[in-house]
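1. Quick one, fold the following:
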Amino acid sequence: MLKLAGAALVLFAGTMIGFMQAAKFAQRPRQIRQLIHALQRLDTEIGYGQTPLPEALARIAAALTAPVSTLFAEASAKLASGNGETVSVCWEQAFKAGWQATSMRPPERDTMLRLGETLGGSGAEDQLKHLKLAMHQLQAEEQAARDDQQKYEKLCRSLGVLTAALVVILMM
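-> Below is the predicted model of the structure:
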């Protein structure tokens with residue numbers, strides 16, 4: 001009886017690990033899409049609204065869901081604190097601190113960090129060009145993420161169940 005309960009727990013745990021890994025593959029394209037949407041809003045705020053950057057980032061954060069919204073909210077808070085740091089430094093600190101909570105990978109982070117180097121340091125026209133470039137790069141990453149999702153999501157689920165089943169067989 002105890003072996004059966006242990007086997008059921010191992011099978012359940014292995015299955016859940018597989019499903020959690022598969023969920024990361026499903027979340028990545030959604031989070032990249034949120035980043036693209038956020039950059040489109042930032043493009044509008046800079047190009048048409050001419051909104052101050054801390055306020056624009058706060059508005060964007062309010063329109064997104066966590067964990068992506070946290071990145072923009074943190075950047076906005078750091079800029080609004082007025083402790084003399086540049087936009088680039090605040091942006092980098094916010095994105096490096098909050099990135100672990102996302103399912104995104106280094107290419108997306110690097111794109112956002114490169115964008116942060118140009119925000120606030122040049123004219124609106126130049127910033128808009130860099131925003132468009134970042135959006136195009138993120139769109140390419142989103143397509144790659146969708147391809148990865150199609151390839152590996154089902155594989156992770158199956159692998160979790162099968163690995164747990166193997167452990168149960170070896171235990172018996």
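
2. Report how many residues lie close to Gln27.
-> 16 (other C-beta atoms under 10 Å). Quick note: C-beta positions are derived from backbone N, CA and C, even for glycine.

3. Touching, it and Arg105? I think so.
-> No. Assessed by C-beta atoms under 8 Å, Gln27 is found out of contact with Arg105, at 11.6 Å.

4. any chance you could map the helices in the chain?
-> 2-44, 53-63, 68-80, 87-98, 106-118, 124-171 (DSSP state H).

5. Just send those back as TSV, with mean pLDDT too.
-> TSV is the format used below for these (pLDDT from 0 to 100):
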stretch	mean pLDDT
helix 2-44	90
helix 53-63	88
helix 68-80	87
helix 87-98	86
helix 106-118	88
helix 124-171	89
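
6. quick one, which of the ones you listed is packed in tightest?
-> When those are scored by mean count of other C-beta atoms under 10 Å, the highest mean neighbour count falls to helix 68-80 (a mean of 21).

7. angle of that one against helix 87-98?
-> 140 degrees (axes from the mean of the first three to the mean of the last three C-alpha atoms, to 10 degrees).

8. helices or strands next to helix 68-80 in the packing?
-> Packed against helix 68-80, as judged by 3 or more C-beta pairs under 8 Å, 6 or more residues apart in numbering; DSSP states H and E, are the following elements: helix 2-44, helix 53-63, helix 87-98.
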